[in-house]
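> Sequence first, then the predicted structure, then my questions.
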Amino acid sequence: MHALSIPTWIIHISSVIEWIVAIWLIWTYGELTNNHNWWGLSLAMLPALVSAMCACTWHYFDNAESLEWLVTLQATMTLVGNFTLWAAAFLIWRSTKSPDTVEPKPIKSEP
């Protein structure tokens, strides 16, 4: 494993562990608040987790040319993950809007 130093490995692995914990905490928050849109956020985080695991796997095998497809998979999962996270955030935002909310009317100035 000459590709990364020990401190860099610690950062990579701890980041993956933190991401897993964050997914679990967000899922739990969705259960506690009974807002299942938070479950969507935790599921939307999975492509980014796959991306991180691709990077760690590729580095673990010393960036082997035979595993170069992992780089493409990592990039794809990062792209997919960005879109899924955006969509999940939008759904959470939309769930916070009350259906009783009345749109404000523009103020007309009197002559």
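All right, it came through fine.

> quick one: low-confidence parts of the chain?
For the chain, residues meeting the criterion pLDDT under 70 lie at 1-3, 98-105, 107, 111.

> separation between the residue most central in space within the chain and residue 89?
In the chain, the C-alpha closest to the average C-alpha coordinate belongs to residue 45, at a distance of 3.1 Å (C-alpha atoms, centre = their mean). Using C-beta to C-beta, to the nearest Å, we find residue 45 at a distance of 11 Å from residue 89. For glycine as for every other residue, the C-beta is placed from the backbone atoms N, C-alpha and C.

> Residue 37 too?
Computed with C-beta to C-beta, the distance linking residue 37 and residue 89 is 9 Å.

> Settle it for me: which of these two has more neighbours?
Each of residue 37 and residue 89 has its neighbours counted (other C-beta atoms under 10 Å); residue 37 has more, 17 against 14.

> May I ask you to confirm that that one is in contact with residue 95?
Yes. Counting by C-beta atoms under 8 Å, residue 37 sits close enough to residue 95 to count as a contact (4.6 Å).

> Which strand or helix spans residue 54?
Per DSSP states H and E, residue 54 falls inside helix 46-60.

> neighbours of residue 31, just the number please.
Residue 31 sits with 11 neighbouring residues when counted by other C-beta under 10 Å.

> do you know how far it is from residue 72?
Look at residue 31 and residue 72: by C-beta to C-beta, they are 36 Å apart.

> Then residue 55?
From residue 55 over to residue 72 the distance is 12 Å, taken as C-beta to C-beta.

> Have a look at those two and say which one is more surrounded.
Set side by side, residue 55 and residue 72 give different neighbour counts by other C-beta under 10 Å, the larger being at residue 55 (20 against 10).

> Just the helices from the chain, written as ranges.
Along the chain, the stretches classed as helices by DSSP state H are 6-33, 37-44, 46-60, 69-96.

> wait, which of the ones you listed is closest to residue 106?
Taking C-beta to C-beta as the criterion, helix 69-96 is the member of those that comes nearest to residue 106, at 23.6 Å.
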